[in-house]
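Student: Give me a model of this one.
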Amino acid sequence: MSYRVLLVDDEPLARERLKRLLQEHSQFECAGDVGNGEAALDWLARQHADLVMLDIQMPGMTGLAVAAEIAKQEKPPAVVFCTAYDEHALQAFGVRAIDYLLKPIRKEDLSRALQRAVEWLGKQPDNEVAAGSRTHLSARTHNGLQLIALEDVFYFYADQKYVSVRHTGGETLIDDALKQLEDEFGDRFVRVHRSALVARGRIERLEAQPGGGHKVYLRGLDEGVAVSRRHLAAVKRVMKEL
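Tutor: Residues are numbered from 1 along each chain as shown. The predicted structure follows:
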């Protein structure tokens, strides 16, 4: 299957470099490239794209504003931001971007973003994310900004005032409070303990432990997560719905 890509960047050299990088991915073809946000929306009104790769800071309409307009479409394309600045990350995922690449774009980062685009496009429209909801979490680490896709999360765990997220790439401290995460993503995560939320879609089994209590086991993770007696009935109810 071939995917059509629209490149949006006010720097012609940046568009040319992205074109060259895309040539290494046979599934994707550059269907068009434009130099500003207004031109991007005009192009999309006349032609179809599966993926839009957007710069954020451009003269006139910003990439964030363009993405907000794209999100209003009945069947919007996937959006990946390409920018030299990382301070817009949270805003980027507020307008439903599936990834956020920092310039100069590395080949391995582009490959990851394109794979996420394939997965995202394959899930539409059945698993469409509600408009305005985050698809990624953002954390500042000693290596800079780290972005964690919600679909990669196994569970969240609170230890006193700190919240960690266990995900396919390891474990990361985040600034979000556990209650905030539960309120925002309650349709995707279930509380199994006063200190833990687990991904509903990753639940595989519930096991009673020899020393008492229960643990829930998640697809892709060897370790189990303790389930408190208070939340046991809710976990069983969720498992019946899966």
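Student: roughly how far apart are residue 66 and residue 99?
Tutor: As judged by C-beta to C-beta, to the nearest Å, residue 66 and residue 99 stand 16 Å apart. In this view, the C-beta of every residue, glycine as well, is placed from N, C-alpha and C.
Student: Give me the pLDDT value at the closest residue to residue 9 other than its chain neighbours.
Tutor: Excluding the flanking residues, the one nearest residue 9 by C-beta to C-beta, 6 or more residues apart in numbering is residue 55, at 4.1 Å. Per-residue pLDDT puts residue 55 at 94.
Student: Is there a neighbour count for residue 55? I'd like the number.
Tutor: Using other C-beta atoms under 10 Å, residue 55 is surrounded by 25 other residues.
Student: shouldn't it be in contact with residue 85?
Tutor: No - if you go by C-beta atoms under 8 Å, residue 55 and residue 85 don't touch, sitting 10.2 Å apart.
Student: Low-confidence regions, this structure specifically.
Tutor: 86-95, 124-133, 143-145 (pLDDT under 70).
Student: Kindly recompute the last result at 50.
Tutor: For the chain, the stretches flagged by pLDDT under 50 are 126-132.
Student: Okay, domains of it per the record?
Tutor: Following automatic domain parsing, one gets these domains for the chain: 3-123, 148-241.
Student: Tell me which of those is the most buried.
Tutor: domain 3-123 (a mean of 18; mean count of other C-beta atoms under 10 Å).
Student: hmm, back to that, now tabulate the domains of the chain in a markdown table and tack on distance to residue 141.
Tutor: Putting the domains of the chain into a markdown table (distance: least, C-beta to C-beta, whole Å) gives the following:
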| stretch | distance to residue 141 |
| --- | --- |
| domain 3-123 | 12 |
| domain 148-241 | 7 |
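Student: And those: which comes nearest residue 138?
Tutor: domain 3-123 (4.8 Å; C-beta to C-beta).
Student: Start and end of that closest one, how far apart?
Tutor: Distance between the two ends of domain 3-123: 15 Å, counting by C-alpha to C-alpha, to the nearest Å.
Student: Kindly report the same for stretch 196-203.
Tutor: 14 Å.
Student: got a list of contacts for that stretch?
Tutor: Contacts with stretch 196-203, where a contact means C-beta atoms under 8 Å, 6 or more residues apart in numbering, come from 153-158, 178, 181-182, 185, 187-192, 216-221, 225-226, 235, 238-239, 242.
Student: Strands - which of those residues land there?
Tutor: 153-158, 189-192, 216-218, 225-226 (DSSP state E).
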